[in-house]
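A.B. asks: What follows is a predicted structure for the sequence shown.
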Amino acid sequence: MRYIIGGMKGYSYYLCPECGSVTISSSSVSVACCGSPLQPLVIEERESEAFSIRADGDELVISICHPMTKDFYIPFIALEGWNGVIVRKLYPEWDADVIIPRQKGRLVWAFSSGRAFSEKV
């Protein structure tokens, strides 16, 4: 299920390399964590090989197809929709599906290395 949409407000995502904290902003801000300033993640658009996404009624079920090791994991998944952003924080060594309300939007995720991606859902 892929939709092309436009007109959503842009969000900036910040990921702390020290503690893994995720900060989201809908406007230009200065963000610092663990004593260091953070830069917004540069988000590349592409289809994910790390997830399997399926609709189940009014929900999207996102199965993580990526090893969630302590050294390399997906710290968050966010779904930007017309009425805001839904964020699910993830942790190393989790083996979980993420369930979020079904809506059209842009799915955003990052890796602990700081690389971030998005795709339309």
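C.D. replies: Cool, the structure landed.
A.B. asks: May I have the secondary structure class of residue 95?
C.D. replies: coil (DSSP: H, G, I helix; E, B strand; the rest coil).
A.B. asks: Quick one: residues contacting it.
C.D. replies: Residue 95 sits next to 64, 68 when contact means CB atoms under 8 Å, 6 or more residues apart in numbering. Yep, even glycine has a C-beta here, placed from its N, CA and C like the rest.
A.B. asks: 7 Å instead, please
C.D. replies: Residues in contact with residue 95 (CB atoms under 7 Å, 6 or more residues apart in numbering) are residue 68.
A.B. asks: again with residue 114
C.D. replies: Shown in contact with residue 114 (CB under 7 Å, 6+ apart): 15, 17, 41.
A.B. asks: Do me a favour and get the backbone dihedrals for it.
C.D. replies: Main-chain dihedrals, residue 114, degrees, to the nearest 10: phi 100, psi 0.
A.B. asks: One more: residue 72?
C.D. replies: Main-chain torsions, residue 72, degrees, to the nearest 10: phi -150, psi 110.
A.B. asks: who does the helix or strand of the chain with the lowest mean pLDDT pair up with?
C.D. replies: The helix or strand of the chain with the poorest confidence is strand 116-120; it has a mean of 81 (mean pLDDT, DSSP states H and E). Partner strands and pairing direction for strand 116-120 (DSSP bridges) are strand 43-45 (parallel), strand 106-110 (antiparallel).
A.B. asks: Could you save the ones you listed as a markdown table and add columns showing distance to residue 72?
C.D. replies: Conversion of those to a markdown table gives the following (distance: least, CB to CB, whole Å):
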| stretch | distance to residue 72 |
| --- | --- |
| strand 43-45 | 17 |
| strand 106-110 | 12 |
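A.B. asks: if you compare these, which one is most tucked away?
C.D. replies: Highest mean neighbour count of these: strand 106-110, a mean of 22 (counted as mean count of other CB atoms under 10 Å).
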